[in-house]
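Student: just coords:
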């Protein structure tokens with residue numbers, strides 16, 4: 001056999017290196033940063049298209065798209081921490097309703113937003129789709145009146 005390490009030793013070194021070099025791990029920590037415009041209501045929309053957890057009855061994976069809509073107060077959520085947070089549910093058995101409300105509670109605890117809505121759109125299981133919507137509203141906060149703008153097109157010119 002030529003000099004050098006045995007192929008199995010090289011493979012073991014590669015596997016050990018890859019496992020130790022994995023930079024990200026699931027985490028329940030939600031990092032935040034200061035709202036850059038705290039004097040203004042503005043809407044942040046986040047989509048998490050690959051959310052997974054386990055069915056507490058069967059242990060089979062459940063898949064959802066999470067839609068997170070919020071109006072921040074003093075803090076905004078840092079997106080990498082949100083990704084690692086959502087990953088932390090992958091091996092947990094939770095009912096759809098429970099996990100949706102838990103995510104809302106954790107985000108509200110971390111951010112104290114003026115308003116937040118979590119919509120969990122669960123993929124079909126047994127021929128049934130489930131959508132769970134949970135909301136939080138800061139006491140005393142009221143949304144600004146909606147502004148509806150009419151688009152101008154050449155066909156709508158009313159000048160005579």
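Tutor: Here it is on my side, so go on. Remember, predicted model here, so these are calculated numbers, not experimental data.
Student: and the residue nearest the centre of the chain?
Tutor: residue 48 (4.5 Å; C-alpha atoms, centre = their mean).
Student: which SS class is that one?
Tutor: strand (DSSP: H, G, I helix; E, B strand; the rest coil).
Student: which residues does it contact?
Tutor: Shown in contact with residue 48 (C-beta atoms under 8 Å, 6 or more residues apart in numbering): 65-68, 82-83, 86. Glycine gets a C-beta too; all of them are placed from N, C-alpha and C.
Student: how near is residue 86 to residue 94?
Tutor: When distance is defined by C-beta to C-beta, to the nearest Å, residue 86 is 12 Å away from residue 94.
Student: kindly apply the preceding question to residue 63 instead.
Tutor: 13 Å.
Student: tell me which of these two has more neighbours.
Tutor: Using other C-beta atoms under 10 Å, the more surrounded residue of residue 63 and residue 94 is residue 94, with 17 against 14.
Student: quick check: closest non-adjacent residue to the more buried one.
Tutor: In this structure, residue 94 finds its nearest non-sequential neighbour in residue 53, 5.0 Å apart by C-beta to C-beta, 6 or more residues apart in numbering.
Student: check the one you found and give its pLDDT.
Tutor: According to the predicted model, the pLDDT of residue 53 comes to 97.
Student: ok so it is a helix residue?
Tutor: No: membership of residue 53 in a helix is not supported by three-state DSSP, which gives strand.
Student: got a list of what it touches?
Tutor: Applying C-beta under 8 Å, 6+ apart, we find residue 53 in contact with 61-62, 89-90, 92-94, 99.
Student: out of those, who has the most neighbours?
Tutor: Across those, neighbour numbers were computed from other C-beta under 10 Å; residue 99 holds the maximum, 24 neighbours.
Student: which of the three states applies to that one?
Tutor: At residue 99 the chain is in helix, as set by three-state DSSP.
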